[in-house]
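> Have a look; sequence and predicted model below, questions after that.
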Amino acid sequence: MSDTNAAAAAAYYDTGEVADFYRLVWGGADIHIGRYETGQESIAQASAAMTAHLLDLAALKPGDRVLDIACGYGGTLRMLAERGCRPAGIDISRVCVEEARRANAAAGLGDRITVSLGDFHALDSDAATWDAVICQEAIIHSTDRPQVFAEAFRVLKPDGTFAFSDILTAQGADLDLVDAAFARLGVRGGATPRDYIDMATAAGFNVTVVQERPADIATHYDKLAERLSRPVPGLDPQAAARIADSIARWQKALAGANITWACFVAHKPG
C-alpha cells in the first residue's frame with residue numbers, strides 16, 4: 001500500500017495539547033465542523049446538530065449496522081445507538097479510541113458500541129458487511145483518498161450508504177493560503193468537492209447528495225478564535241497561543257473563500 005499519512009494523523013490526535021484542545025474548546029464529543037442556523041449555537045451544540053443532519057441525510061433505519069471509520073470521541077456512535085442503529089467505530093488514534101470507549105460507557109452504551117483501533121485505508125471487515133459507513137472530516141488526513149472510498153465500497157452491502165463530510169479546497173482557491181491553514185494537520189490542500197464526487201464515483205458509488213456549507217466552517221473557526229482569546233482552564237497557555245495562531249491562518253483562508261466544507265451521501269448499487 002502506498003504511504004497514506006496514517007501514522008502522522010495518529011500522532012496529531014494523540015498529542016496531549018491537541019487532545020486537550022478538542023476536549024476543552026471544540027466540545028469533546030463531536031470533533032468536526034458544526035451546523036449553525038442562528039450563529040448563536042455553542043460549538044458543542046452545532047457539532048451535534050451537524051452529526052444529526054448527516055445522519056438524517058443518510059436515512060438510516062433502526063437496526064442498521066453502521067461503521068464509523070474515523071469515530072473520534074464517539075459522539076456520532078452514541079447518536080447512532082440512540083437512533084436504534086447497531087454502530088461500531090474505528091479510529092487511527094489511541095487517544096480517540098480510549099476517549100470514545102470511556103464516553104460510551106459513561107452514557108450507558110458501552111455494551112452496544114464497539115470501538116477499535118484501525119485504519120480506514122485497510123478496514124478489518126469482510127466485504128458486504130455493513131448497511132452504512134460514516135466518515136466525518138477525516139479523509140482530509142489521507143494522502144491516498146481513493147483507497148478510503150474503495151474500502152468503504154468494499155465493506156458495504158449492496159444498496160449500502162456511505163455518508164461523509166470533509167473540509168475541502170474551494171474551486172479557484174489560493175493554495176498557499178489553504179496550505180498554511182492545513183499545516184497544523186500535516187496535510188496540503190487541493191481536493192475540491194468535485195474531486196470527492198469523482199473519487200466516490202470511481203470507487204463504484206452513485207452520489208445522490210452534495211451540500212456545500214462554507215458559512216458553517218467560517219462561523220465555527222470564528223467561535224474557536226473567540227474562545228481561545230480568553231484563558232481556557234486546563235489548556236496550557238503556550239499550546240493555546242500556538243493553536244490560536246493556526247486558527248488565525250484558517251480565518252484568513254476562509255475570509256477569502258479558499259476553504260469550503262461539504263457533506264455527501266453515496267450509495268453502493270444493489
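Cool, got the structure. Computed from a predicted structure; not experimentally measured.
> Point out where the chain drops to low pLDDT.
1-2 (pLDDT under 70).
> so where do the strands sit in it?
Assigned by DSSP state E, the strands in the chain fall at 65-68, 86-91, 114-117, 130-136, 156-169, 206-212, 259-267.
> Of the ones you listed, which is nearest H32?
strand 130-136 (4.6 Å; CB to CB). Every C-beta, even on glycine, is put in place using the N, C-alpha and C of the backbone.
> The closest one pairs with which strands?
Looking at strand 130-136 with DSSP bridges, its partner strands are strand 65-68 (parallel), strand 156-169 (parallel).
> Quick one: closest of those strands to A11.
strand 156-169 (19.2 Å).
> what residues does the longest helix belonging to the chain touch?
In the chain, ranked by residue count with DSSP state H as the criterion, the top helix is helix 237-255. Helix 237-255 is contacted from outside by 17, 20-21, 173-174, 177-178, 180-181, 183-184, 214, 217-218, 221-222, 224-225, 228-229, 231-232, 259, using CB atoms under 8 Å, 6 or more residues apart in numbering.
> that older thread, pipe the strands of the chain into TSV and attach mean neighbour count and distance to A106 per row.
Shown next, in TSV, are those (neighbours: other CB atoms under 10 Å; distance: least, CB to CB, whole Å):
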stretch	mean neighbour count	distance to A106
strand 65-68	24	18
strand 86-91	24	16
strand 114-117	17	13
strand 130-136	25	21
strand 156-169	22	26
strand 206-212	14	32
strand 259-267	23	28
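> now the ones you listed as JSON lines including distance to I31?
Converted to JSON lines, those look like this (distance: least, CB to CB, whole Å):
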{"stretch": "strand 65-68", "distance to I31": "12"}
{"stretch": "strand 86-91", "distance to I31": "10"}
{"stretch": "strand 114-117", "distance to I31": "14"}
{"stretch": "strand 130-136", "distance to I31": "9"}
{"stretch": "strand 156-169", "distance to I31": "12"}
{"stretch": "strand 206-212", "distance to I31": "20"}
{"stretch": "strand 259-267", "distance to I31": "14"}
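> before we move on, back to that, kindly write the PyMOL command that selects the buried subset of the contacts of helix 237-255.
Of these, the buried ones can be selected in PyMOL as follows, counting by 16 or more other CB atoms under 10 Å:
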select buried, resi 20+21+173+174+177+178+180+181+184+214+217+218+221+222+224+228+232+259
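> now the longest helix of the chain against strand 156-169, angle please.
Angle, helix 237-255 to strand 156-169, by axes from the mean of the first three to the mean of the last three CA atoms, to 10 degrees: 90 degrees.
> Between strand 259-267 and helix 237-255, find me the angle.
Using the same axes, to 10 degrees: helix 237-255 against strand 259-267 is 80 degrees.
> Okay, buried residues for helix 237-255 please.
Applying 16+ other CB under 10 Å to helix 237-255 flags 239-240, 243, 246-247, 249-251, 253-254 as buried.
> One more: stretch 69-83?
Per 16+ other CB under 10 Å, stretch 69-83 contains these buried residues: 69-81, 83.
> Show me what A132 is bridged to.
V66, T161.
> Distance of it relative to Y12?
27 Å (CB to CB, to the nearest Å).
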